[in-house]
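J.: Give me the fold of what follows.
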Amino acid sequence: MRELRQSEADLQGPGPAQGPVEAQLFGAAGEEPASPSSPSASSPSSSSSSSYADPLHLDPLPLKVADLVAFLLLKYRTKEPTSKAEMLHMVLRDHQDHFPVVFRRACECMQLVFGVDVKEVDPRERTYVLVPTLGLTCDAVLSDGQCMPKAGLLVLLLGLIALSGDRCPEEEVWGALGKLGVCAGQEHRIYGEPRELLTEVWVQEGYVEYRPVPHSDPARYEFLWGPRAHAETSEWQVLEHLLWVNSLDPRSSASLWAEGVSDEEEGA
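T.: Here you go, the predicted structure:
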């Protein structure tokens, strides 16, 4: 697993600490245990301290979800299919009985956070391909080896516009995204600098329009669907996707993935 762990670290790349976007999309992650050097950590009984230090007492599933997400992201970048047998061999050798739960949570994280669907193409052989959610092609070419798929945020933006009557004021967009930890001018470890992404990159690619609100003084701006978004998907598909998002268990998928990455970084 050393190579896979290293690949996961490469995928994360340099950047600020884990923001709340994943936890807010799926529910807040659990509280971090106190540092052993803090006063609160010195007061537990010796049995409690030994339980915390013993890795056998840690839940392995969040780490396995994190490993599988990293593995699937690599497959998406290289445009390679995968299979249940390969995932069991590469990621879940010692936890094969947990494959259904780990696979479901990893697939939810891939779809909601990164905008990537894991689709079964051969039920008998249990093989899968990774494709952009709703057919969006904004991540078709990931030129930077450290670049993360960002279609998940694009789907959310298109949904905000659709729910606002085909146009959404800029302040409402940043208000909604800010609650998810995606803030204009603040670098995000997955989405980069959001203002540039929304108002320049996706405008140039034709996914959204960003224009002044007519007759506004002082000038305000609003977002609309762009021609490429209309060509690749529909408002009905985007809204149906958002309904599916709302149906998820709020503590599943990405919150566990975020916890797993955090635990690995802390050397748990």
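J.: what number of residues lie near residue 167?
T.: Using other C-beta atoms under 10 Å, the number of residues around residue 167 comes to 14. From N, CA and C alone the C-beta is placed, and that goes for glycine too.
J.: Just the terminal-to-terminal distance for stretch 160-180.
T.: 13 Å (C-alpha to C-alpha, to the nearest Å).
J.: Mind listing residues that contact it?
T.: 20-21, 24-25, 153, 156-157, 183-184, 194, 198, 208, 210, 213, 220-225, 235, 238-239, 242 (C-beta atoms under 8 Å, 6 or more residues apart in numbering).
J.: Check which residues of the helix ranked longest in the chain are buried.
T.: As assigned by DSSP state H, the longest helix anywhere in the chain is helix 61-78. By 16 or more other C-beta atoms under 10 Å, the buried positions in helix 61-78 come out as 61-77.
J.: For that helix, enumerate the helices and strands it packs against.
T.: helix 2-12, strand 82-83, helix 84-90, helix 99-109, strand 116-122, strand 127-132, helix 254-265 (3 or more C-beta pairs under 8 Å, 6 or more residues apart in numbering; DSSP states H and E).
J.: Kindly calculate the angle that that helix makes with strand 116-122.
T.: Helix 61-78 and strand 116-122 are oriented at 80 degrees to each other (axes from the mean of the first three to the mean of the last three C-alpha atoms, to 10 degrees).
J.: Can you dump the C-alpha atoms of helix 61-78 in PDB for me?
T.: As requested, the backbone C-alpha atoms of helix 61-78 are provided in PDB (Å, rounded to 0.1, in the frame of the first residue of the first chain):
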ATOM      1  CA  LEU A  61     -13.100   1.900   7.400                       C
ATOM      2  CA  PRO A  62     -12.400   5.700   7.100                       C
ATOM      3  CA  LEU A  63      -8.800   4.900   6.100                       C
ATOM      4  CA  LYS A  64     -10.000   2.300   3.600                       C
ATOM      5  CA  VAL A  65     -12.500   4.900   2.100                       C
ATOM      6  CA  ALA A  66      -9.600   7.400   1.800                       C
ATOM      7  CA  ASP A  67      -7.400   4.800   0.100                       C
ATOM      8  CA  LEU A  68     -10.200   3.800  -2.400                       C
ATOM      9  CA  VAL A  69     -11.000   7.400  -3.200                       C
ATOM     10  CA  ALA A  70      -7.300   8.000  -4.000                       C
ATOM     11  CA  PHE A  71      -7.200   4.900  -6.100                       C
ATOM     12  CA  LEU A  72     -10.300   5.800  -8.100                       C
ATOM     13  CA  LEU A  73      -9.000   9.400  -8.700                       C
ATOM     14  CA  LEU A  74      -5.800   7.900 -10.200                       C
ATOM     15  CA  LYS A  75      -8.000   5.700 -12.400                       C
ATOM     16  CA  TYR A  76     -10.000   8.700 -13.500                       C
ATOM     17  CA  ARG A  77      -6.900  10.600 -14.400                       C
ATOM     18  CA  THR A  78      -5.400   7.800 -16.500                       C
END
